[in-house]
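Q: Need a 3D model of the following:
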Amino acid sequence: MLDILHGLNDCIKAGKIRYCGLSDDTPWGIGEYVRLSEKYDLPRMVSIQNEFNLIHAKDSPYLLESCVLNDVAYLPWSPLGGGVLSGKYRNGQIPAGSRWSVKQRNGQFRNTPMTHKAIEGYHAVAERHGLSLAQMSLAWVYQTEGVTSTIIGASSLEQLKENIDASHLTLSKEVLDDINAVFRQYPVPF
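A: Predicted coordinates for the structure are as follows:
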């Protein structure tokens, strides 16, 4: 870690980068980078990007708490779980050109019976409250305390608009309670 910080310091001094952040790290990793930065007067990690969504919420609460306490921006990637929280894989559908239509890990490890049950539960909540599954899922991420922003992966203008519109939604306590009921049933579906 210290070697990494020294290398990043060299890059900053050379004008190649301005800031540095982490990806797929842990609360311990955040704390250790912050400690080393302070001890040796080296660049400080300003952000972390980890996967975070309704079907992969392992960063809550500990990593999120670590981010808040250490003033590190939390930027979740895959807030729609590789597209599964858009609803496009419901009922066994695998649209042409989608991630799951290509053999790769994103569809393979998420494509489980429990994931599909969780998606059906979340879809029912979204429908009951007049929301799209994607917008509800994104709004849930945006409203999670400690989330700074998200890294979305829209592949069309229509998806991008829906994703941006979700940033303006505020989910009611009733919607959040319904989401939490499904989450308690399927906390780790894959």
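
Q: quick one, longest helix in this protein?
A: helix 113-128 (DSSP state H).

Q: How far off centre is it?
A: Centroid displacement of helix 113-128 relative to its chain, using C-alpha atoms, centre = their mean, to the nearest Å, is 18 Å.

Q: Likewise for stretch 143-160?
A: That offset, for stretch 143-160, works out to 8 Å (C-alpha atoms, centre = their mean).

Q: pLDDT (mean, whole number) over it?
A: When pLDDT is averaged over stretch 143-160, the result is 92.

Q: Can you tell me what sits against that stretch?
A: Applying C-beta atoms under 8 Å, 6 or more residues apart in numbering, the contact partners of stretch 143-160 are 47, 49, 52, 60, 64-65, 67-68, 73-80, 83, 86, 134, 138, 141-142, 162-163, 170-171, 176. For every residue, glycine as well, the C-beta is placed using N, CA and C.

Q: Just the buried ones among these, please.
A: 47, 49, 52, 64, 67, 73-80, 83, 86, 134, 138, 141-142, 162-163, 171 (16 or more other C-beta atoms under 10 Å).

Q: Of the residues you listed, which belong to helices?
A: Leu64, Cys67, Ala134, Leu138, Val141, Tyr142, Glu162, Asn163.

Q: which one among the residues you listed gets closest to Cys11?
A: Among these, Cys67 lies closest to Cys11 (C-beta to C-beta), at 23.0 Å.

Q: Please verify my assumption that the closest one contacts Tyr33.
A: No - counting by C-beta atoms under 8 Å, Cys67 stays clear of Tyr33, with 11.9 Å between them.

Q: Report the helix or strand with the lowest average pLDDT across this structure.
A: One helix or strand of the chain scores below all others by mean pLDDT, DSSP states H and E: helix 105-110, with a mean of 66.

Q: Show me the strands in the protein, by range?
A: 20-23, 45-49, 73-74 (DSSP state E).

Q: Give me the contact list for the shortest one.
A: Identification of contacts with strand 73-74 by C-beta under 8 Å, 6+ apart yields 21, 46-48, 50, 52, 59, 63-64, 67, 146-149.

Q: Could I have the buried ones of those as ChimeraX selection syntax?
A: Applying 16+ other C-beta under 10 Å to these leaves a buried subset, and the ChimeraX line that selects it is:
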select :47,48,50,52,59,63,64,67,146,147
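
Q: what about stretch 53-70, average pLDDT?
A: Here the average pLDDT along stretch 53-70 is 97.

Q: That's all I had, so thanks and see you.
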